[in-house]
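Enquirer: With the sequence up front, the predicted model follows.
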Amino acid sequence: MTVNKIEVSGVHKRFGSKIVLAGTDLAVAAGTSMVVIGGSGTGKSVLIKSILGLLKVDSGSIKVDGVEVTGLNGRALADHRAKFGMLFQGGALFDSLPVWRNVSFALPRGRGAASLRAAAIDNLAQVGLGADIADLRPSELSGGMQKRVALARAIAVRPEIIFFDEPTTGLDPIMADVINDLIVDLVRDLKITALTITHDMASARKIADRIAMLYAGRIIWNGPVGDVDASGNDYVDQFVNGRAEGPIKMQIKTA
Amino acid sequence: MTGVPHDILGVLRAIGRFVLGGLASIGRLVMFAWVAISRALLPPYYPARLAEQIIVIGYFSLPVVGMTALFTGSALAQQIFIGGSRFNASSTVPAVTVIGIVRELGPVLGGLMVAGRVSSAMAAELGTMRVTEQIDALTTLRTDPFRYLIAPRVVAAVVVMPLLVLVSNIIGVLGGYLLATYRLNFNGANYIRTTVSFLKTDDVVSSMVKAAVFGFIIALMGCYHGFHSNGGAEGVGKATTNAVVSAFILILMSNLIITVIVFGGR
C-alpha cells in the first residue's frame, strides 16, 4: 500500500458568490508526480495555495503526512510550509536582489555570504545555469532563464514536496521541454513529491505519473498518465484533444 | 404611492452598505496595523532592510523636505510682517514664525511631502510584488512578509520622521530669519534671541510626536494599500493613489487631533 503524502478531501472554497472549489478530493502518493489539468479559472491555483496555507478553505480537510493542516497557525503553519518548494507561474523572483541572493533566500542566514553564494551556484548548476549569471538581476534574464532560477530557488531548501504552477506557460516549445526534463530529473534525483498544475498537455504527459482533471471545482477524473487518452470521460477527452466542441462550454460571450 | 417606501428603503440600504463597508475597511486596517506592530517587535529582525528603508525614507527625503521648509518659512515671515504692520505688531515676526513652523507647518508639510514621496513608492513596490506573486513567494521561502517587508518600513518611518521634521523646523525658521534680516531689516541677533525665548519644550515635543505619528501613517498607508492591491497594473495604480490620498487625509486629521489635545486647553 502506498503512503499518501498529500490528501485533500471535500474541500470547498468560495470568493464572494463565486464558488471555486466544490468538494475537491485529491491524493498524491509520496515520491510521485501528480499533474492536475484543467481550463483557466477552474481553481487549480486556489487548490495549491490552499494546500500551502496561503488561502484558508471554507470547509473540508487537507492532510500532509497524515497531519491536518487546514487550521494551522503561527509556528505550526511555518513548519508545515517549510516542507514545500514552489515554482510560481511568473517565477516571482525578487527583482531587488541579484540572482544568487534569490536562490539562497531561504537558506539559513548564519553561514556568511560566501557560503550562501557557493550554495546558490551549486543549485544553479542543478538547473543548467552557470556561475556567470549569479550577480545579474532577474530583469536582465530571459523568461526561460528566470524560470530556471526560480526552480533553483525552489529546490535550494531540498523540500519534500514541490508545486509547479504552470511551469511551461510563456516559454517557447524547446525551452518548455528543457523545463520539463529538469522537473523530471529533479523529482527523480531528489525524491520529491511533485504536484503540478498546467493546461499544457505536452508538459503533463512528460512529467506526470498520474493525471487528475479539475472541472467546476471537482476532480472529475484521476488516473495513470498512460490512461489519459482512453479515459472514457468526455470532458477529459475534449480537454486532452483541445476541441472547442464538447461538454465543456467556454464562456465566450459576456453575460 | 407604493413607490415611495421602496425609494426610502433603497436609500437606507445604500447608506447601510456604505457604513458597513466603511466599518469593514477600518476593521481590516486596524487588524493590519496590529499585525504589523506585533510582528515588528518580535524576531527575526532584518537590520539590513531597516537600514535600507531609513536611507530611502530619511536621507532621500531631505532635499524636498528642506526646500519645502525654507520656502514656507520665508513666506510665513513675510505674511506675518504684513499682517502685523496693520496694528504696529510687526516685531512679532520671529515669535509667530517659530511657533507656526514648529507646531504646525514643519510637521504637516514635511509629513505631506514625505507621504507623496514614500507612501506612493511603498504602495507601488508592494503592489507589484503582490501581483507578480513575490509576496506569496516570500511565504513559501520561510519568510514572513510582515517582518521582511512591512516592519522595516513602519519602524524606519516612525524613527526617521521626527529627525526629518527637526531638520525641517530648523530650516523653516532659517527661511524666516533670512527673509526678515535681508528684506525686512530685522536685526539678526535680536531675531534669533526672540525666536529662542518664545520656543517652549511643549512646542518641540508636540512637533516630534506629530512627526512620529505621521511617519506611522505614511508607512502604514503605503504598505496596506500595496499589500492588498490586485488586478495587475491598474490595481497597482489604484493602490498608489489610495495610499497617497488616505495618508494625506489621515495626516491632516491626526494633526488636528494632536493640536487640540496639546494646545486646545489654553
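Expert: It's in.
Enquirer: Tell me the first helix or strand C-terminal of the helix or strand bottoming out on mean pLDDT in chain A.
Expert: Using mean pLDDT, DSSP states H and E, helix A:74-81 stands out as the lowest-scoring helix or strand of chain A, at a mean of 84. Scanning forward in sequence from helix A:74-81 by DSSP states H and E, the next helix or strand is strand A:84-87.
Enquirer: So which residues make contact with that next one?
Expert: With contacts defined as CB atoms under 8 Å, 6 or more residues apart in numbering or on different chains, strand A:84-87 is touched by A:48, A:52, A:147, A:150-151, A:154-155, A:157, A:159-165, A:167, A:192, B:136-137, B:140. Heads up, the C-betas are built off the backbone N, CA and C, glycines and all.
Enquirer: Show me where the stretch 151-255 of chain A dips below the pLDDT cut-off.
Expert: Regions of the stretch 151-255 of chain A meeting the criterion pLDDT under 70 cover residues A:250-255.
Enquirer: And the helices in it?
Expert: Secondary structure of the stretch 151-255 of chain A (DSSP state H, counting those that start in this stretch): helices at A:173-189, A:201-207, A:234-241.
Enquirer: Repeat that for chain B.
Expert: Here chain B has its helices, by DSSP state H, at B:3-41, B:47-57, B:62-85, B:93-99, B:106-114, B:120-131, B:134-140, B:145, B:151-182, B:188-198, B:201-227, B:232-263.
Enquirer: Quickly compare those and say which is most buried.
Expert: Most buried of the helices of chain B, by mean neighbour count (mean count of other CB atoms under 10 Å in any protein chain shown): helix B:106-114, with a mean of 26.
Enquirer: Out of the helices of the stretch 151-255 of chain A, which gets nearest to chain B?
Expert: Across those, chain B has its closest neighbour in helix A:173-189 (16.4 Å, CB to the nearest CB).
Enquirer: Show me what the closest one packs onto, helices and strands only.
Expert: Counting contacts by 3 or more CB pairs under 8 Å, 6 or more residues apart in numbering or on different chains; DSSP states H and E, helix A:173-189 packs against strand A:33-37, helix A:143-155, strand A:161-165, strand A:193-198, helix A:201-207.
Enquirer: again, 7 Å this time
Expert: Contact partners of helix A:173-189 among helices and strands, from 3 or more CB pairs under 7 Å, 6 or more residues apart in numbering or on different chains; DSSP states H and E: helix A:143-155, helix A:201-207.
Enquirer: ok so, going back, in terms of mean pLDDT, which of the helices of chain B ranks lowest?
Expert: Of all the helices of chain B, helix B:3-41 carries the lowest average pLDDT, namely a mean of 87.
Enquirer: Let me know whether that helix sits next to chain A.
Expert: No. Residues of helix B:3-41 are not located near chain A by CB under 7 Å from any CB of the partner chain, the shortest gap being 11.0 Å.
Enquirer: which residues touch stretch A:63-82?
Expert: Stretch A:63-82 has contacts (CB atoms under 7 Å, 6 or more residues apart in numbering or on different chains) with A:5-7, A:52-53, A:57, A:61-62, A:83, B:139-140, B:142.
Enquirer: and residue 239, what is it in contact with?
Expert: By default, I'm working from chain A. Per CB under 7 Å, 6+ apart, neighbours of A:Phe239: A:37, A:213, A:248.
Enquirer: ah, I was thinking of chain B
Expert: B:123, B:127, B:225-226, B:229.
Enquirer: ok, the residues you listed vs B:Leu164, which is closest?
Expert: Using CB to CB, B:Ala123 comes nearest to B:Leu164 of the contacts of B:Ala239, at 19.8 Å.
Enquirer: Please determine how far that closest one is located from B:His225.
Expert: For B:Ala123, the distance to B:His225 (CB to CB, to the nearest Å) stands at 5 Å.
Enquirer: same thing with A:Arg243?
Expert: A:Arg243 is 44 Å from B:His225, by CB to CB.
Enquirer: And for A:Thr42?
Expert: 30 Å.
Enquirer: what does the stretch 1-150 of chain B have sitting close to chain A?
Expert: Residues of the stretch 1-150 of chain B lying near chain A (CB under 7 Å from any CB): B:132-134, B:136-137, B:139-142.
Enquirer: let's see 10 Å
Expert: B:44, B:46, B:52, B:125, B:128-129, B:131-144, B:148 (CB under 10 Å from any CB of the partner chain).
Enquirer: can you give me phi and psi for A:Leu190?
Expert: phi -90, psi 0 (degrees, to the nearest 10).
Enquirer: residues touching residue 172, list them.
Expert: I went with chain A, as the question did not name one. A:143-144, A:178 (CB atoms under 10 Å, 6 or more residues apart in numbering or on different chains).
Enquirer: was after chain B, sorry
Expert: B:Gly172 makes contacts with B:65-66, B:68-74, B:76-77, B:97-98, B:100-102, B:105-106, B:109-110, B:165, as judged by CB under 10 Å, 6+ apart.
Enquirer: Excluding chain neighbours, give the residue nearest to A:Asn153 in space.
Expert: Wrong residue type there; residue A:153 is Arg, not Asn. Nearest-residue entry for A:Arg153: A:Val103, 4.9 Å, with adjacent residues in sequence omitted and distances by CB to CB, 6 or more residues apart in numbering or on different chains.
Enquirer: burial count for that neighbour?
Expert: Neighbours of A:Val103 under the rule other CB atoms under 10 Å in any protein chain shown: 30.
Enquirer: Now it. Its backbone dihedrals?
Expert: phi -70, psi -40.
Enquirer: Surely it and A:Ala131 touch.
Expert: No. Taking contacts as CB atoms under 10 Å, A:Val103 lies outside contact range of A:Ala131: 11.2 Å.
Enquirer: Which residues belonging to stretch A:189-208 are considered buried?
Expert: For stretch A:189-208, the neighbour count (16 or more other CB atoms under 10 Å in any protein chain shown) marks A:192-201, A:203-208 as buried.
Enquirer: Show the end-to-end separation of it, please.
Expert: 15 Å (CA to CA, to the nearest Å).
Enquirer: B:Gly106 versus B:Ala36, what's the distance?
Expert: 27 Å.
Enquirer: cool, A:Pro138 as well?
Expert: 41 Å.
Enquirer: now swap in B:Met208 and tell me
Expert: B:Met208 is 10 Å from B:Gly106, by CB to CB.
Enquirer: Quickly list what's touching both of the two.
Expert: Joint contacts of B:Met208 and B:Gly106 (CB under 10 Å, 6+ apart) are B:165-166, B:169.
Enquirer: quick one: common contacting residues for B:Ala123 and B:His225?
Expert: B:236, B:238-244, B:246-247.
Enquirer: Residue 118 - how many residues pack around it?
Expert: As the question left the chain open, I've gone with chain A. 16.
Enquirer: looking at chain B here, not the other one
Expert: Neighbour tally, B:Val118, other CB under 10 Å: 29.
Enquirer: Might one say that it is in contact with B:Gly215?
Expert: Yes. Counting by CB under 10 Å, B:Gly215 is a contact partner of B:Val118 at 9.1 Å.
Enquirer: what do those two both touch?
Expert: Contact criterion CB under 10 Å, 6+ apart; residues shared by B:Val118 and B:Gly215: B:57-58, B:156-157, B:160-161.
Enquirer: Specify which member of these is nearest to A:Ile183.
Expert: B:Ala156 (40.4 Å).
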